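Enquirer: Predicted model, plus sequence, below.
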Amino acid sequence: MIMGVHTLEKFIILAGEEGGPVSNKLGGIWNVIDAEAKTLTELAREGKIDEEIKVIVVGPYFGYVGADWNVGRNRVTSLEGLKPVDDDTIVNVIKTLGKIGIKTFQGVKTLENGAKITYVLFDTRSFDNITAEFMGKSMSLTNKVKGEAWILLGLDSLSFEKEPYGQEYTHYLNLSYGISEFVRLLATKDSDEFVPVFCVIPSDDETQCRLEAERKVSLHCHEFGVFYALARIKRLGIPVRTVATFHATIPGRAAGYKTIEKIKKNDSTFEPWTPIGLTKLESLAKYADVVTFVGDSTRKEANLFYGVDGVIVRNGIYIEEEIEFKKKDELREKIQNLIADKLSKLNINIDADPKKIIPIYTISRTEIENKGYPDLLDALVMLEHIIKYRILGGTLDNDILIVCFLITAHGPKDVRKLPETFPFEIPDEILIGDEIRLKKMITERKLCCEDIFKEKRKVISGFYPQWLSENDGGFNMKMEDVFAGCVAGIFPSRYDPFLLTGLEAGKVGTPFIVSRICGLSDALRNIKRKVSGIGGVVIVDNIDQKREESVIEYALGMEYFISTYLTDRVKYELICSEALDLAKSMNWEEPVKQYYEMLSW
């Protein structure tokens, strides 16, 4: 007698500190998780992978201003537009979590193609107010989590919680615990004990029966903040397929641009300021079934500092539209007019047509050395001399002005404190940390707007210490619109595991310059160019060359894009098209298929 076959449920869970339905932060890992979720559902709808998979994104929930452990970022989670969860299995797991006091917020997003993504978010602050039992004692859930982490993996939370990063460490531990409980319950019969869910499957000769899991659960953890989730799952013996992805390493970030020397010398020591507790969380990647890295440099770092190895899976970009050159021109004209208007209000009147103002940009975290700001500012000084000689030689007009926007901020600024001339007028009281230092560096190199007349500058730096948005108190434009409206982007990082911002430039058809140290440059070198000569992307060697040579190449790269824009618009549009084609060739389908194969079991 052949016994009935149950429907096999397959869940892929994408976890990360940035996991959630909407990002109110600049790019980064949120884009990666969001793109992976969308691409998985699209591939399933197209029949390129298993059509039955259910994609769940898990992460933290910050319900109000001040709930974020990171006061500088001050994230607030939005669930607007999400529908209630209607999957019975997920609903039952959420109810079980509620019974043990773990508070979640959830919803479902339906994409244009009809596919669904479920979001389950955890309020880690509530863990302090939840009473739990552990080893016969009553205590807060937070303390239970820390006690269990010591027993399972030897994490010395009592020491780490006293460090300056203690609140961050505790948040990650609680978040990972909540995620692992959700995964555990999903992979079992929603009970406190491990009881796998089985269904009866006929064998090939239909005379015997075998047992197979009724639910197959896979967990993909992005970055160290959620690595404890997969380590706990493995230590508890729960049958879940796990993948850990490094987007960087903590010791590498701490060492910054010195990391490449550490790799060359096989120096695995940590810098004195490295947060040891967070490195302990990051080292838990070793418990994953598969470990991946976004670039070769990150792989080398993880192997050096943790003895962890794995495979490289590059990041990608999610592109839905072609270039609209008319729209790019309109956005550029808007930026040009805003620059002219704001400068005129500071009594810096540009006599020339605003269309002779050439906006370019860089955007990154406020990590001055790691992001190569000294190199960029020195390259702008050199660009000043190149442009003046081009003017003297009669190949460029005398009335041009190049403005390079340095878009970087420790956190969003209160728009009520910004003058209408922002970003050319920046109140000192709104700046903190390295923002103050960066402003000073710009002033010392005479790249400020007042130097247009004082020093007869043709190249200035527009420091933009604010997160870009339609209500940021500056240009009041969406991030992608600023990128599209600029003539070129430049990303001279001395330390950057991948550089998604380069692909974001290519996505809107803006040519860009990238340093060789970035993981993105490795991928770009393997892509066939479509424009002869330099093309839409310039890669500057900042590994083997001397710093002075790299600075020269940054300046020449900027001059190439600017001169082409001013003198040969047909060629410039071809360059823009190649930048988009390069970004398209690095879409998410290939890396997501790789992740899917690793997550399948």
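Expert: On my side now, so go ahead.
Enquirer: Report the helix or strand with the lowest average pLDDT across this structure.
Expert: In the chain, no helix or strand scores lower on mean pLDDT, DSSP states H and E than strand 198-202, which sits at a mean of 40.
Enquirer: now the helices for the stretch 1-150 of the chain?
Expert: For the stretch 1-150 of the chain, applying DSSP state H, counting those that start in this stretch gives helices covering 29-45, 88-99, 141-153.
Enquirer: Surely Cys404 and Gly489 touch.
Expert: No: contact criterion C-beta atoms under 8 Å: Cys404 and Gly489 do not qualify, at 10.0 Å. Backbone N, C-alpha and C define where each C-beta goes, glycine included.
Enquirer: Quick check: neighbours shared by these two?
Expert: Taking C-beta atoms under 8 Å, 6 or more residues apart in numbering as the contact rule, Cys404 and Gly489 both touch Ile360, Tyr361, Thr362.
Enquirer: The last one bridge partners, please.
Expert: Here Thr362 sits in beta bridges with Leu406, as judged by DSSP bridges.
Enquirer: Can you give me every residue that contacts it?
Expert: Here Thr362 is in contact with Lys371, Leu376, Cys404, Phe405, Leu406, Ile407, Thr408, Gly489, Ile490, Phe491, Pro492 (criterion: C-beta under 8 Å, 6+ apart).
Enquirer: Give me the distance between stretch 349-362 and the centre of its chain.
Expert: For stretch 349-362, the distance from its own C-alpha centre to the chain's C-alpha centre is 31 Å (C-alpha atoms, centre = their mean, to the nearest Å).
Enquirer: To clarify, my last question referred to stretch 482-495.
Expert: The chain centroid and the centroid of stretch 482-495 are separated by 16 Å under C-alpha atoms, centre = their mean.
Enquirer: mind exporting that stretch as CSV, just the C-alpha atoms?
Expert: Output of stretch 482-495 as CSV, limited to C-alpha atoms (Å, rounded to 0.1, in the frame of the first residue of the first chain):
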residue,chain,number,x,y,z
VAL,A,482,21.6,63.1,-7.8
PHE,A,483,23.8,60.3,-9.2
ALA,A,484,22.0,60.6,-12.6
GLY,A,485,22.4,64.4,-12.7
CYS,A,486,26.1,64.3,-12.1
VAL,A,487,28.6,64.1,-15.0
ALA,A,488,30.7,61.5,-13.3
GLY,A,489,31.3,59.6,-10.0
ILE,A,490,34.7,59.0,-8.3
PHE,A,491,35.4,56.4,-5.6
PRO,A,492,39.0,56.4,-4.6
SER,A,493,38.8,54.0,-1.6
ARG,A,494,41.9,52.7,0.0
TYR,A,495,39.8,50.0,1.7
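Enquirer: What mean pLDDT does that stretch get?
Expert: Across stretch 482-495, pLDDT averages out at 95.
Enquirer: With stretch 375-385 instead?
Expert: 97.
Enquirer: just to revisit the earlier point, will you turn the helices of the stretch 1-150 of the chain into TSV that also has mean neighbour count?
Expert: Below are the helices of the stretch 1-150 of the chain laid out as TSV (neighbours: other C-beta atoms under 10 Å):
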stretch	mean neighbour count
helix 29-45	22
helix 88-99	16
helix 141-153	19
